[in-house]
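Q: Provided below for reference: sequence and predicted model.
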Amino acid sequence: MIMDNNPWERAKAQLKKAASYLSLDELTIAKLLNLDRVVEVSMPIKMDDGKVKVFQGFRVQHSNVLGPYKGGLRYHSNVDMDEVKALALWMTMKNAVIDVPFGGAKGGIHIDPKKLSEKELEILTREFTRKIFPVIGPTLDIPAPDVNTNSKIMAWIVDEYGKIKGKEELAVVTGKPLDKGGAEGRIEATGLGGGYALQTILKNINKKPKDMTVAVQGFGNVGVFVAKYLKEAGFKIVALSDSKGGIYIEDGIEDISVIEQCKRDSGFLAGCYCVGSVCDLSNREKLGGKTISSAEVLELPVDIIVPAALENSITEENADKIKAKIILEMANGPTTLKADEILSEKGALIIPDILANSGGVAVSYFEWYQNMHNEKWSKEEVFAKLKKKMELAAENIYKTSLEYKVSLREAAYIVALKRIEKETKSSRN
């Protein structure tokens, strides 16, 4: 029996279900249901106080059938290996869905980065780069930022990798600072891509954005930008939340950027009732607002919910309470298998994570391509290319769902598996 909250088992179950609609050979399926390799490394470093501490790091490589492995590096004290394995598999699927020549990987270090000084963090990152040097590279495996990592950490990796290699290789990672070969538009890419995917699916089901109500769970980078772009496209954003709580304003939230600044200033979202540039709890009554929990934001009477926080946020426990008819999965793995079934039975339309949040990997590919070909694209060029990729992927998945009479999630896996099968066959010939 599949553990419903185990992301690795869920990812494999999703893949097997989609594969049942295709006549894939057993060898291809077996390879995709397993990892190519897991690399584990130890990193003894001298701390600021002179003491030596040993840290553990890893890199999970799922499949490179479509191209070099690709996936984020996370610095987290409580890394769940089943989650990391699932994320690596989902990266393979995501890259196939969005049609970029990458496979899937994930990795990181068991650490709470807040407990290290910047100097210690840099020493550790450089040591990690030295240890995983043999398995990464522009045509081997291309890491990127993930939980608790950023463009500065990517710049350290580029620098250290270049020292070992004897020459600078900007394309060894993506998510770099702009002055170190980073791509314009990378920060906005995931949120913007989700907006393009949603609008393409709505167009196919003859729905218009105007005044469709939206609630967003998660107000980090992805949640902020998806809220901004959906508002610009004509949707009515009525609720936002972070891990500490959120706000619900039935008449619609006026300015996402002001709330973003309020959260930055205060450290949390819950009291950010903003009138003009003034944000204060005292404005709540004036706006007809209501303070809600992060869980409650998913159960509001809205047209669309956007889980953009953590995995397993929609489960068997709360799926029945969800009133929205459309779910845009901006987080990775936010819906458990059982919840998926419940929502489907209720007639909800789920735009799956491997489509919805693939804008980030698309622009990561654009960054890699620019580095490999010594090019520099403007933000407008990046967004135009992203729009084209997201719309093509969403159209393809929607048509596949009609052809096979399956959900959009199953259709996304079918699209991915077909691309992988085609590449597998051509590489064998």
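A: Nice, thanks for sending it over.
Q: wait, isn't Gly359 in contact with Gly193?
A: Yes - taking contacts as Cβ atoms under 8 Å, Gly359 lies within contact range of Gly193: 1.6 Å. Glycine gets a C-beta too; all of them are placed from N, C-alpha and C.
Q: identify the contacts common to these two.
A: Residues touching both Gly359 and Gly193 by Cβ atoms under 8 Å, 6 or more residues apart in numbering: 386, 390.
Q: show me the helices in the chain, by range?
A: In the chain, the helices defined using DSSP state H lie at 7-19, 26-32, 81-98, 118-132, 151-165, 186-204, 221-232, 256-266, 284-287, 337-345, 353-356, 359-372, 379-404, 408-428.
Q: packing partners for the fifth one?
A: Helix 151-165 sits against helix 118-132, strand 141-145, with contacts defined as 3 or more Cβ pairs under 8 Å, 6 or more residues apart in numbering; DSSP states H and E.
Q: can you put these in JSON lines and add distance to Leu22?
A: Shown next, in JSON lines, are the helices and strands packed on helix 151-165 (distance: least, Cβ to Cβ, whole Å):
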{"stretch": "helix 118-132", "distance to Leu22": "35"}
{"stretch": "strand 141-145", "distance to Leu22": "28"}
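Q: could I get these as TSV with mean pLDDT and distance to Lys376?
A: TSV is the format used below for the helices and strands packed on helix 151-165 (pLDDT from 0 to 100; distance: least, Cβ to Cβ, whole Å):
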stretch	mean pLDDT	distance to Lys376
helix 118-132	98	25
strand 141-145	97	19
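Q: of all those, which lies closest to Pro209?
A: Ranking those by proximity to Pro209 (Cβ to Cβ) places strand 141-145 first, at 30.2 Å.
Q: same for that closest one, what does it pack against?
A: Using 3+ Cβ pairs under 8 Å, 6+ apart, strand 141-145 sits against strand 52-63, strand 69-76, strand 104-110, helix 151-165, helix 359-372.
Q: farthest residue from the center of the protein?
A: Distance from the centre of the chain peaks at Gly50, with 38.0 Å (Cα atoms, centre = their mean).
Q: related to what we said a few turns ago, pick the most buried one from the helices of the chain.
A: Neighbour counts (mean count of other Cβ atoms under 10 Å) averaged over each of these peak at helix 353-356, with a mean of 30.
Q: name the helices or strands packed onto that one?
A: Judged by 3+ Cβ pairs under 8 Å, 6+ apart, helix 353-356 is in contact with helix 81-98, helix 186-204, helix 379-404, helix 408-428.
Q: the longest one vs helix 359-372, what angle?
A: Taking axes from the mean of the first three to the mean of the last three Cα atoms, to 10 degrees, one finds helix 379-404 and helix 359-372 inclined to each other by 130 degrees.
Q: can you pull up the most central residue in this structure?
A: Asn357 (5.0 Å).
Q: which residues touch that residue?
A: 94, 190, 193-194, 222, 329-332.
Q: one more pass at 10 Å, please.
A: Applying Cβ atoms under 10 Å, 6 or more residues apart in numbering, we find Asn357 in contact with 90, 94, 189-191, 193-194, 197, 222, 226, 308, 328-332, 334, 351.
Q: before we move on, what about Lys425?
A: Taking Cβ under 10 Å, 6+ apart as the contact definition, Lys425 lies against 25, 28.
Q: and the gap between it and Glu26?
A: According to Cβ to Cβ, to the nearest Å, Lys425 stands 14 Å off from Glu26.
Q: do the same with Ala11
A: 19 Å.
Q: likewise Leu240?
A: The value you get for Leu240 to Glu26, if Cβ to Cβ is used, is 46 Å.
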